[in-house]
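Peer 1: Sequence and predicted structure are below.
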Amino acid sequence: MNKFFRIFFLLFFIGSLTKAQTVYLMNSTTENLTCPTTGVFYDSGGAAGNYGNSQNFTKTFNAPAGSCLRFQFTGLSTESCCDQLRIYDGPTVGSPILGNFFGGANPGVIIPSGAAVTFSFHSDGSTNSSGWTASITCLSNCTGTPNPGVASFVSVSCPPSSSFVTLSSAGATQACGIAYNWQSAPALSGPWTNIAGGTTNPFSTTYTSNPIFYRMRAQCNSLNTIYTNTLSPTTSTIPCGLSTYVPSTTPYTFDVFAGTTLPTTDDVLFATTVNFGFPFCFSGTQYWGGYVASNCAFVFDAVPCYPNILVSTYAAGGVGTGYTIPNTGAPDNNSSIPRNAILAPWQDTDPSLGGVMRYATLGVAPNRRFVASWENIPMYSCGTAQPGIYYTGQVKLFETSNNIEIHIGNKGCCVGWNGQDAVLGLHNYDGTVYIPQVNATAHNAPTNWTMTNTAYRYISPCAAAGGPCLTLPTNFKSFYGQQIEATNKLSWETSVEENISEFIIERSSDAINFTEAGRALPNNRPSKYDFNDNTFKPSIVNYYKITALGTDGKRNSTYVLPIEGNYEDLNMSEIYPNPVKDNFTITFTAKTEIQTEIIIKDMFGRIVKTSHHSLSGGNTKTIINCPELNQGIYIVEVLSENKIISQQKLIVVK
């Protein structure tokens, strides 16, 4: 995993003062920290660069007496075979080892038992990577009774099998000497027992019967025990069903075809998971993206326990969708008609024969729209012989209002194939509810229909006042952001600012582990705030949330907002496996169709193998067979448009 956090700023909205966190690079020095303090720890390449070759560094961090250090890694990426980070529980490499990390192994949270921790890093003479990022917090010893925070859960039940629950506690005290453990009981009165392994926050587990109760125990130095509030998970429900959506006509307007081009595979959900750049509420569930189907639908992730592709498949990039439509049309949960989906309409088109599919997010926050486009897509069986029936259409999803529009430029029928059937409208998560466009029968199988220059709108009730997708705490009125001119621009507006000491801007690479990216002082009255983040990693998705820190220490956070990076035209994974015996794999992610050349050279620079590959847009897994190579070390070069875009070391063993 790449590193994502660089220099962090404190942004004041009265004036223009800026304060940066302390940055520590991997080198052979000793750092004596004060407490309390925070910082960020990178490999020698810093926030934006890779670490170097042939490095041997040993670095020790010391905390003051009576304090401890907490390192939270957001990821680690090194050469799997040869570049390693070792962490020791003490002031030297002779101290007990806490772990040896390489490849993509994330060290997670490291808290040494004493006041010192030592890092040792070694890299060989070739092939480097992006290294790591870790936030540093110096903590004081706990005293008295700790604050266990407020516990909450996310629960999913799949009757009649077991259920899954994720437990978390917000606002818990961070200090040395505190031990946390989740407990469960069959009743409120107990008996309460510790859950094996339940020492992390958050923590996931399963349960097989109700009622069952959970709480978290917090202890300071094995004394002063306190518990969180008690939780009782129940079977999940689906709020704001599709039956509450209101269809209507709307003026036909086509957005100019633009954006990222999708590959031309038939009967699939495309491997590229599209990101809206804003939260979108569909049938009471908040989504950040989904899947474009080659057969003219936009499909959201399945609701847990309810597969939404064919009979038993969950939506995912690259899965086959089928194409048949039952004579009864929708709703249906036993055919290829996708569920938890927008059908625009669902029909058997064949993009492998021609046409272009794209997606883009247009406009300016908080009034953007996501647009998925199908342009001049032939119908299967009829092929290219009848361009008059080619499909052209768009699905539009609107930020803030959460409304849905379907615009159809041209939709014909392929006589003699699949009953000429097509289904236009919305389909719910389990195939029991179908919302047509105004007319309950005209645009659903087995009726045959054509359409030109027509558009429909679905008005969403889910984001209305009190709706299930409103996840902002009471302090916040709005929160949105987008990338503009190489800057991730965040904005939020408050409705209440009583007892707020400051706002903390937090950023993450995985939407789970967050690190502070800046702070802002409140105006002590309802206000709108802006924060410009120029230190993010541009080639990945950066996740943000704003936390209002109360004068009493309590924290209220917004939902998590993803901002998609500016991807290069071609990205690739590391060689896997490595060392290799007979073949290895490289996974490519391309914006469009692109030609590549893979060259393998020996250590004298002589070319021993070449191969050419045509990549489709999205993800492509390429296997290179090399049983003819002798045991030894080689360099694998990947070229595109006669430019070297990657060089990796390959170790061949026999």
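Peer 2: Great, that's in hand.

Peer 1: Please enumerate the strands of the stretch 201-350 of the chain.
Peer 2: Remark: strands assigned in the stretch 201-350 of the chain by DSSP state E, counting those that start in this stretch are 203-207, 213-220, 223-227, 246-249, 260-261, 274-282, 285-293, 297-299, 341-346.

Peer 1: residues making contact with the fourth one?
Peer 2: What it means is strand 246-249. For strand 246-249, contacts defined as CB atoms under 8 Å, 6 or more residues apart in numbering pick out 425, 435-438, 454-459, 461. (Each C-beta comes from the backbone N, C-alpha and C, glycine too.)

Peer 1: Could you find the closest non-adjacent residue to A341?
Peer 2: Excluding the flanking residues, the one nearest A341 by CB to CB, 6 or more residues apart in numbering is V299, at 4.4 Å.

Peer 1: Around that neighbour, how many other residues sit close by?
Peer 2: By other CB atoms under 10 Å, the residues close to V299 number 24.

Peer 1: Over to the one 4 residues further on?
Peer 2: Neighbourhood size, V303 [other CB under 10 Å]: 20.

Peer 1: before we move on, what about T92?
Peer 2: T92, neighbours per other CB under 10 Å, totals 11.

Peer 1: wait, which of the contacts of strand 246-249 is closest to Q21?
Peer 2: Nearest to Q21 among the contacts of strand 246-249: P461, at 43.4 Å, using CB to CB.

Peer 1: in which helix or strand would I find the residue lying farthest from the centre of the chain?
Peer 2: Going by CA atoms, centre = their mean, the residue of the chain most distant from its centre is G416, 42.9 Å out. Taking DSSP states H and E as the definition, one finds G416 inside no helix or strand.

Peer 1: how about it, what does it touch?
Peer 2: Applying CB under 8 Å, 6+ apart to G416 gives the contacts S381.

Peer 1: and if you look at the one 4 residues further on?
Peer 2: The neighbourhood of Q420, defined by CB under 8 Å, 6+ apart, consists of 413-414, 448.

Peer 1: quick one, phi/psi of the residue farthest from the centre of the chain?
Peer 2: phi 90, psi 0 (degrees, to the nearest 10).

Peer 1: Equivalent analysis for P351, please.
Peer 2: Dihedral pair for P351: phi -70, psi -10, per degrees, to the nearest 10.

Peer 1: separation between it and N642?
Peer 2: 30 Å (CB to CB, to the nearest Å).

Peer 1: if you count what's nearby, which of these two comes out ahead?
Peer 2: More crowded of P351 and N642, by other CB under 10 Å: P351, with 26 against 6.

Peer 1: Just the pLDDT at the more buried one, thanks.
Peer 2: On the pLDDT scale, P351 is placed at 93.

Peer 1: for the one 3 residues further on, same thing?
Peer 2: The predicted local confidence for G354 comes out at a pLDDT of 92.

Peer 1: Give the full set of residues in contact with it.
Peer 2: 376-378, 384, 390.

Peer 1: who wins for most neighbours among these?
Peer 2: I377 (25 neighbours).

Peer 1: Do I have it right that that residue meets S352?
Peer 2: No: between I377 and S352 there is no contact under CB atoms under 8 Å: 9.8 Å.

Peer 1: Identify each buried residue in stretch 55-65, please.
Peer 2: Buried residues in stretch 55-65, counting neighbours by 16 or more other CB atoms under 10 Å, are found at 55, 57-63.
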